[in-house]
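In: Next come a sequence and a model predicted from it.
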Amino acid sequence: MNERIAVVGAGQMGNGIAHVAAVSGLAVTMIDVAEAALGKGRDTIAGNLERQVKKGTIDAAAREAALARITVSTTLEAAKDASVIIEAATERVDLKFRIFEDLDRLASPDAVLATNTSSIPITAIAARTKRPASVIGMHFMNPVPVMQLVEVIRGLATSDETTAKVMSLAKSLGKTAVEVNDAPGFVANRVLMPMINEAVYCLMEGVGTAESIDTVMKLGMNHPMGPLALADLIGLDTCLAIMEVLHRGIGDDKYRPCPLLRKYVDAGWLGRKSGRGFYRY
Ligand code: NAD
């Protein structure tokens, strides 16, 4: 395939998506408002490719070719030639709305506009554009190079053609795509995030330590990671944002974010990305 895709946001998800796309042979433009995030994103991709070379899953030539396929930019205009644009910027409704309004203006008329949002309704994002049929959720899992699933979310107006394009792109990236309908948190975070939030309540109420809560869920439920370690991996700011979307969107208090989660985010303890969350890194 010699298509170009653009990834908006070079954070942990954006650089992971750029990584798998480049390894699969696609030209990738990685865009971020922060120059530093682009540098860090590139370094992360280089480090992860190197790990794959050491494991023998790709060779050195493939690593170099993948890196050469990635260009970076600090302006959204750089997405104008892409046939698929995947937005993976910070999980904030106002920010996503603005990015999609801008993409609507800039992107090629037949481009697919996908969002990697964890929870924000696709229908609402699509409604900010004049082409809601071309807007879709393409929800990768963290870490993107490792995890098999892509949750593909159809908004109310998403067309069959857009869905087929994204299902086929996910397959060409070596992923398994599952199609679901639009609702706050979709399926993945509708089920996962209340569990994480409940684990934070257990910690806040002293039911267990972080280690004991995580060990119960790992050994007792056969989860590969405990919920608090997973929250640190996802980012506590992202977890809080998702709980707020569930709470607001579904309107049931069972989705209220745990005050301890809010406190950690207020403190800047965001998990792995800030060096401290429920654990220290
Ligand atoms: P992150 O904080 O690591 O990265 C976000 C990046 O977006 C930052 O580099 C920031 O500079 C950039 N950004 C902010 N505003 C921008 C703009 N206007 N234009 C371009 N870039 C902008 O966050 P992340 O964990 O990579 O999450 C990104 C998205 O992926 C969110 O929507 C999140 O919900 C979703 N997601 C996250 C996970 C996870 O486990 N962290 C999993 C699936 C989906």
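Out: Happy to help now that I have it.

In: Would you mind listing what in the protein touches the ligand?
Out: 8-14, 31-34, 37, 88-91, 95, 99, 116-118, 139-140, 142, 234-235, 238, 273 (Cβ under 6 Å from any ligand atom). Backbone N, C-alpha and C define where each C-beta goes, glycine included.

In: need the contact list for the residue nearest to Arg256 when sequence neighbours are not counted.
Out: Nearest non-adjacent residue to Arg256, counting by Cβ to Cβ, 6 or more residues apart in numbering: His247, 5.6 Å away. For His247, the contact set (Cβ atoms under 8 Å, 6 or more residues apart in numbering) comprises 253, 255-257.

In: returning to that earlier point: can I have the buried ones of the residues of the chain next to the ligand as a PyMOL selection?
Out: The buried subset of the residues of the chain next to the ligand, as determined by 16 or more other Cβ atoms under 10 Å, is captured in PyMOL by this line:
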select buried, resi 8+9+10+11+12+13+14+31+32+33+37+88+89+91+99+116+117+118+139+140+234+235+238+273
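
In: Are any of the contacts of His247 buried, and if so which?
Out: 255, 257.

In: Tell me where the stretch 151-281 of the chain is predicted with low confidence.
Out: Applying pLDDT under 70 to the stretch 151-281 of the chain picks out no residues at all.

In: just the strands in it please.
Out: 176-181 (DSSP state E, counting those that start in this stretch).

In: how about the helices of it, start to end?
Out: According to DSSP state H, counting those that start in this stretch, the stretch 151-281 of the chain carries its helices in the segments 160-172, 188-204, 210-221, 227-234, 236-250, 259-266.

In: which of the ones you listed is buried the deepest?
Out: Of those, the one with the most neighbours on average (mean count of other Cβ atoms under 10 Å) is helix 227-234, at a mean of 24.
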